[in-house]
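*Asks:* need a structure here:
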Amino acid sequence: MKAALTAALSLSLLATAAAQTSRQSTLVIGGDFSDLITLDPGVSYEFSGSLVTGNLYDTLVAYEGNNLTTLKPRLASSWTVTPTATGSRLTFKLRDAKFSTGRPVTAADVVYSVNRVINLKTPSSFLYTDVANLKVGSVTAPDAKTVVMDIPKTANPNIVLALLTFNIGGVIDSTEAKAHEQGGDYGTAWLKDHSAGSGPFVLNRWDRSAQVALDANPNAFRRSPTIKRVILRYMLESSAQQAAANSGEIDVAMNYTPDAFKAVAAGTKFRTQKADSFLLAYLGMNSAKGMPFEDARVREAVRYAIDQDGIISGLLQGLGRKTQTIIPIGLAGSDPKIYYPYDPEKAKALLKAAGKEGGFSVDFMVSTGSCAGGVPCADLAAKIQADLAKVGIKLNIKQMVNSELLTAYRAQKAPLIQVSWSPDYPDADGNGTPLSDYNAKSLAWRNGWQNAAASKLAQSAAIETDATKRLNLYKQLTALMVKDGPFAILYQPSRPIVIQQSVSGFNQNANGDVQFEKISKK
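*Replies:* Numbering: from 1, shown residues only. You can find the predicted model right below:
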């Protein structure tokens, strides 16, 4: 009997030890990940998609931690930029690395990954085709360890290097992708919820609207010291995150409301991060012919009608900064000038001049989850609705999950939308081109806004290498956009992050990236 009790006790102790080890090796993050549409790095263009794919796939070069000015080696151990008769040549030497499949990463995989994005015409393809001016054949593989990228004079090599750090720069195991092709889709259907990268983690499963589970990639060259599994749990409501953090169910919460974050920051139970961001929360006004915002005076009226100070002090409680132009604070080219102070009477006068003195009604598309800075999107929408009602604009709020919201927006089917944007890479062009150039088929296109002068300024600034001249071009562009563009910038938020004391190494940089392999638990 005594032996049996001793054996039972030993098994119990082993089970307890195993459970403790499991808890220490598993990181659970609670947040609003409802914008997740796909985990294919060549297609993904959402915040959550970038967060996940950045840990599944390696890029040639990368930014490390909070240093968003100096490129570091990733798959490329070194690279050179040399002038050519037609532009520039970027030559990359690859390190020894393996995909999660065990296959070596080769230059042919890099060429395939670039050409794949160009051919698929994904939401981010414009970064290769319109910004880098690449086409199929621009990237070659002289040998298994060398990648050559030839770019024309119409592209800036420094920007090309920077954009390679974004999702589309993720290098895919071409053999694995080809094995799962369906009807010439380059494996897109399969890669939507599978992974074939060399990053520190591999996708275990994605239960839509529930969770994403990542496991440590044993073949990765940048491995996690202790974390063997990362679970991103869908928790759209701040209250759910608070309860889960208090009970220990989650290790990190990413969407506390400003008041909840303020209360936690004053205590000692958790650690908090008020992370910087390049995010801009904004209203997108569809300016296509026949839409209520076709007239520039109506768009300007909206900007005058919004009480930015009330949003920042009341809803955000300081978790945001006031800005009104398209380049976020912190990037060269940002314009700190306040162009449109809160002035409802000015807004009414503009509406009258535009022939809309009696006001009008418009559908207002809003997320069901949390908005930038942790504010419930419904609360922010109610504030915007109240502000615009004062000048005669009636907003019919239509709430939907982020994935549905973004799908409609990408199809130019959002009359008025409340969303956020962050540059794909930390350079003014990361906002300049998508927000200003209709031809890029990004945000200007989604809002049906086409302005030849803005497109020309954005394109000129993108390739200008003289810093002074480049700043002057962005000064002209931001002034044009703030007067005529289809956006009303609401604020630039900080990210409220709450972390258990047992977790160390968690850091989200201004670009929104988190390197899971640098996190540990005790």
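
*Asks:* which sections of the stretch 301-450 of the chain are below the confidence cut-off?
*Replies:* Residues of the stretch 301-450 of the chain meeting the criterion pLDDT under 70: none.

*Asks:* next: the chain.
*Replies:* 1-21.

*Asks:* ok, 80 please
*Replies:* Low-confidence segments of the chain, defined by pLDDT under 80: 1-23, 225.

*Asks:* so what's the closest residue in space to I338 that isn't next to it in sequence up against?
*Replies:* What sits nearest to I338 in space, not counting adjacent residues and going by Cβ to Cβ, 6 or more residues apart in numbering, is Q324, at 6.1 Å. Heads up, the C-betas are built off the backbone N, CA and C, glycines and all. Residues in contact with Q324 (Cβ atoms under 8 Å, 6 or more residues apart in numbering) are 303, 308, 337-340, 482, 489.

*Asks:* list buried residues within those.
*Replies:* Buried members of the contacts of Q324, counted by 16 or more other Cβ atoms under 10 Å: 303, 308, 339-340, 482, 489.

*Asks:* run through who's touching stretch 91-104.
*Replies:* Contacts of stretch 91-104 (Cβ under 8 Å, 6+ apart): 58, 60, 73, 75-80, 82, 105-107, 109-110, 144-149, 173, 175-176, 195-198, 202, 217, 219-221.

*Asks:* and whichever strand or helix holds N158, what does it pack onto?
*Replies:* N158 is part of helix 157-163, with elements assigned from DSSP states H and E. Here helix 157-163 touches strand 76-83, strand 87-94, strand 146-152, helix 429-436, going by 3 or more Cβ pairs under 8 Å, 6 or more residues apart in numbering; DSSP states H and E.

*Asks:* and after that helix, which helix or strand comes next?
*Replies:* Next element after helix 157-163 (DSSP H and E): helix 174-179.

*Asks:* in that next one, which residues are buried?
*Replies:* 174, 176-177.

*Asks:* the stretch 101-250 of the chain: helices as residue ranges?
*Replies:* 107-120, 126, 157-163, 174-179, 188-191, 238-247 (DSSP state H, counting those that start in this stretch).

*Asks:* may I see the ones you listed organised as TSV, with distance to L331 added?
*Replies:* What follows is those, written out as TSV (distance: least, Cβ to Cβ, whole Å):
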stretch	distance to L331
helix 107-120	24
helix 126	19
helix 157-163	11
helix 174-179	34
helix 188-191	31
helix 238-247	29
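
*Asks:* tell me which of those helices lies nearest to T53.
*Replies:* helix 188-191 (9.9 Å; Cβ to Cβ).

*Asks:* quick one: contacts of the closest one?
*Replies:* Against helix 188-191 from outside (Cβ under 8 Å, 6+ apart): 38-43, 120, 172, 177, 180, 182.

*Asks:* and those, which two are the farthest apart?
*Replies:* The widest separation within the contacts of helix 188-191 (Cβ to Cβ) is 18.2 Å, between P41 and Q182.

*Asks:* ok, those two, which is more surrounded?
*Replies:* Higher neighbour count among P41 and Q182: P41, with 31 against 10, using other Cβ atoms under 10 Å.

*Asks:* OK, contacts around that one?
*Replies:* 53, 56-57, 167-170, 172, 191, 197.

*Asks:* out of the residues you listed, the closest to V391 would be?
*Replies:* Taking Cβ to Cβ as the measure, V391 lies nearest N167 of the contacts of P41, at 39.3 Å.

*Asks:* what about the nearest residue to that closest one once chain neighbours are set aside, which SS state?
*Replies:* Spatial nearest neighbour of N167, excluding adjacent residues (Cβ to Cβ, 6+ apart): P41 at 4.7 Å. Following DSSP: H, G, I helix; E, B strand; the rest coil, P41 is assigned to coil.

*Asks:* before we move on, the earlier item: can I get the buried residues of helix 174-179 in CSV including distance to L315?
*Replies:* Below are the buried residues of helix 174-179 laid out as CSV (distance: Cβ to Cβ, whole Å):
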residue, distance to L315
S174, 47
E176, 46
A177, 44
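
*Asks:* of the residues you listed, closest to L405?
*Replies:* A177 (28.9 Å).

*Asks:* leaving out chain neighbours, which residue sits closest to the closest one?
*Replies:* The nearest residue in space to A177 (Cβ to Cβ, 6+ apart) is G187, at 3.6 Å.

*Asks:* contacts only, for that neighbour.
*Replies:* Counted by Cβ under 8 Å, 6+ apart, G187 has contacts 172, 176-181, 196.

*Asks:* quick one, strands of the stretch 201-350 of the chain?
*Replies:* Assigned by DSSP state E, counting those that start in this stretch, the stretch 201-350 of the chain shows strands spanning 201-207, 211-216, 229-234, 252-253, 270-275, 280-285, 320-321.

*Asks:* in its sheet, what does the fourth one sit against?
*Replies:* Spelled out, it's strand 252-253. strand 26-31 (parallel), strand 495-500 (antiparallel) (DSSP bridges).

*Asks:* mind putting the ones you listed into a markdown table with mean neighbour count?
*Replies:* Formatted as a markdown table, those follow (neighbours: other Cβ atoms under 10 Å):
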| stretch | mean neighbour count |
| --- | --- |
| strand 26-31 | 24 |
| strand 495-500 | 24 |
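
*Asks:* any chance of the ones you listed in CSV, plus distance to K274?
*Replies:* Compiled in CSV, the strands paired with strand 252-253 are given as follows (distance: least, Cβ to Cβ, whole Å):
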stretch, distance to K274
strand 26-31, 16
strand 495-500, 7
